[in-house]
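*Asks:* One predicted model, sequence on top.
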Amino acid sequence: MARLILIEKNLKRKNLIKKYQAKRKKLKMLLKDKKLTMDSRLGIQSKLQDLPRSSSRIRYRNRCELTGRARGVYRKFGLSRIKIRELSLSGKLPGVIKSSW
């Protein structure tokens, strides 16, 4: 199981992403506008850099909801491969069955 501080830090990042998502998107769209002068684009770039570093989506890590495991996490379930196997074999995941062919 992942350390509790890592799970909390990731949750804090998720909240920051939600908070600054619209502002960051607006600044990026302005930055891509070729009609603006270079000076105004540099100003926009500095405003983008002034936003918190953790408000960027790239810094968020998908983690298992139950264990906090960072690798082998399925987006559809939000669980790690290990927990998916355990829960599906015990019949606690609806609609998931063991395949055989």
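*Replies:* That came in fine, so what should we check first?
*Asks:* Who are the contact partners of the most centrally placed residue in the chain?
*Replies:* In the chain, the residue lying closest to the centroid (CA atoms, centre = their mean) is Tyr60, at 3.8 Å. Contacts were defined as CB atoms under 8 Å, 6 or more residues apart in numbering; by that measure Tyr60 touches 10, 13-14, 17. The C-beta positions use only the backbone N, C-alpha and C, and glycine is treated the same way.
*Asks:* does the residue nearest to Tyr74 when sequence neighbours are not counted sit in a helix or strand, and which one?
*Replies:* Nearest residue to Tyr74, sequence neighbours excluded (CB to CB, 6 or more residues apart in numbering): Ile84, at 6.2 Å. Using DSSP states H and E, Ile84 sits in helix 81-89.
*Asks:* list the helices and strands that helix packs on?
*Replies:* Applying 3 or more CB pairs under 8 Å, 6 or more residues apart in numbering; DSSP states H and E, one finds that helix 81-89 contacts strand 73-74.
*Asks:* Report the buried residues of the helix holding Ile84.
*Replies:* Applying a neighbour-count criterion of 16 or more other CB atoms under 10 Å, the buried positions in helix 81-89 are 83-84, 88.
*Asks:* Can you give the distance from it to the centre of its chain?
*Replies:* 22 Å (CA atoms, centre = their mean, to the nearest Å).
*Asks:* tell me which of the contacts of Tyr60 is nearest to Lys26?
*Replies:* Ile17 (14.8 Å; CB to CB).
*Asks:* How is that closest one assigned, secondary-structure-wise?
*Replies:* helix (DSSP: H, G, I helix; E, B strand; the rest coil).
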